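Novice: pasting the structure only:
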């Protein structure tokens, strides 16, 4: 999360000057974020209580407490095709993004996504920065003009890979 905070702040400042770094989290995540990178200027938004309740209700319905005792060792751990693993719960919490209509565009990434492309990307030169700035600003304008509502890639476990959403 620390690297993600710093990279996101750098992206917002250098490539997208109108951008804002937002962290959707709980109280523990908010404290960590503010301690780890106070200079990143991240806006902290707590997960909506109704969304948290809906995700918990889904997880309980998908894999009710005590269901494991009723299944044999070789049976599927989950009663629905979607998994109730941490990753699935986290993916569902990303619905938080759709309620934030104050933003024209949201570029949502997981904390383990390296938006600068790994170790070789450190210290990109001015030409790279300028090309990236053009690509983002022109691409964002084209995307907004297209009325496209979501850009994402497929995932082997779900219809959409929620690690990177635009």
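Specialist: Arrived safely. This one's a predicted model, so the numbers in the text were calculated from it and none came from an experiment. Numbering: from 1, shown residues only.
Novice: So, low pLDDT: which residues of this protein?
Specialist: For the chain, applying pLDDT under 70 flags the ranges 15, 17, 63-87, 116-124.
Novice: ok, longest helix in the chain?
Specialist: helix 126-146 (DSSP state H).
Novice: buried residues in that helix?
Specialist: Neighbour-count burial for helix 126-146 flags 132, 136, 140 (criterion: 16 or more other Cβ atoms under 10 Å). All C-beta spots, glycine's among them, are computed from the backbone N, C-alpha and C.
Novice: Can you list the residue ranges for helices in the protein?
Specialist: Ranges of helices in the chain, per DSSP H, are 2-14, 27-36, 49-62, 67-70, 86-93, 126-146.
Novice: between the third one and helix 86-93, how big is the angle?
Specialist: To tie it back to what came earlier, the one meant is helix 49-62. 140 degrees (axes from the mean of the first three to the mean of the last three Cα atoms, to 10 degrees).
Novice: now swap in the second one and tell me
Specialist: In terms of direction (the same axes, to 10 degrees), helix 27-36 departs from helix 86-93 by 90 degrees.
Novice: What is helix 27-36 packed up against?
Specialist: helix 2-14, strand 22-25, strand 43-46 (3 or more Cβ pairs under 8 Å, 6 or more residues apart in numbering; DSSP states H and E).
Novice: And it, how far out from the chain middle?
Specialist: Relative to its chain's centre, helix 27-36 lies at 17 Å (Cα atoms, centre = their mean, to the nearest Å).
Novice: I'd like to check the angle between that helix and helix 2-14, please.
Specialist: Orientation check (the same axes, to 10 degrees): helix 27-36 against helix 2-14 gives 70 degrees.
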